[in-house]
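> missing the sequence, but the structure's below:
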């Protein structure tokens with residue numbers, strides 16, 4: 001029961017980290033879009049950071065902070081459970097999105113960006129686990 005609660009808390013940290021970094025980067029983009037120089041590059045970089053770095057940061061926070069709250073649960077257990085739930089949800093969302101397939105090529109771009117976001121969450125979770133293990137060693 002504690003592991004399920006830890007995974008729920010990890011998802012809360014995932015959403016908080018993802019939302020906070022997205023909001024911060026969107027604010028930076030809003031300010032930078034008012035400038036004349038570097039508008040295109042800033043827009044491109046910020047879109048990349050919002051769509052792909054923010055989920056990774058959320059995944060990092062999920063596995064970095066949750067083991068500090070639940071000290072009696074092993075870090076590997078929390079990380080493995082979190083990754084299993086993320087992959088399961090990603091597969092379900094991917095299968096549901098096949099129900100609404102459009103006939104143009106842009107759907108491929110959506111699948112690729114979704115896949116990159118899921119991979120970013122998983123990489124962030126692994127980095128968070130590694131840092132917790134190194135700090136406890």
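Ah, there it is. Nothing here was measured: the structure is a model prediction, and the numbers come from that model. Numbering: from 1, shown residues only.
> isn't residue 2 up against residue 77?
No: using Cβ atoms under 8 Å, residue 2 makes no contact with residue 77, being 9.7 Å away. Where you see a C-beta, it was placed from the backbone N, CA and C, and this is true even at glycine.
> look at those two and report which has more neighbours.
More neighbours surround residue 77 than the other of residue 2 and residue 77, with 15 against 11 (other Cβ atoms under 10 Å).
> spatially nearest residue to the more buried one (excluding sequence neighbours)?
Leaving out its chain neighbours, the residue that sits closest to residue 77 by Cβ to Cβ, 6 or more residues apart in numbering is residue 3, at 6.1 Å.
> residue 62 versus the one you found, what's the distance?
As defined by Cβ to Cβ, to the nearest Å, residue 3 lies at a distance of 14 Å from residue 62.
> do a quick rundown of the helices in this protein.
Counting by DSSP state H, the chain has helices at residues 2-33, 39-48, 54-69, 75-97, 106-136.
> mind putting these into a markdown table with mean pLDDT?
Formatted as a markdown table, those follow (pLDDT from 0 to 100):
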| stretch | mean pLDDT |
| --- | --- |
| helix 2-33 | 87 |
| helix 39-48 | 69 |
| helix 54-69 | 92 |
| helix 75-97 | 91 |
| helix 106-136 | 88 |
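> please identify the most buried of these.
helix 54-69 (a mean of 24; mean count of other Cβ atoms under 10 Å).
> what angle do that one and helix 106-136 make?
Angle between the axes of helix 54-69 and helix 106-136 is 30 degrees (criterion: axes from the mean of the first three to the mean of the last three Cα atoms, to 10 degrees).
> show residues contacting helix 54-69.
6, 9-11, 13-19, 21-22, 25, 73, 75, 78-79, 82, 86, 117-118, 120-129, 131-132 (Cβ atoms under 8 Å, 6 or more residues apart in numbering).
> swap in 7 Å and give it another go.
6, 9-11, 13-15, 17-18, 21-22, 25, 75, 78-79, 82, 117, 120-125, 127-129, 131-132 (Cβ atoms under 7 Å, 6 or more residues apart in numbering).
> nice, that's everything, thank you.
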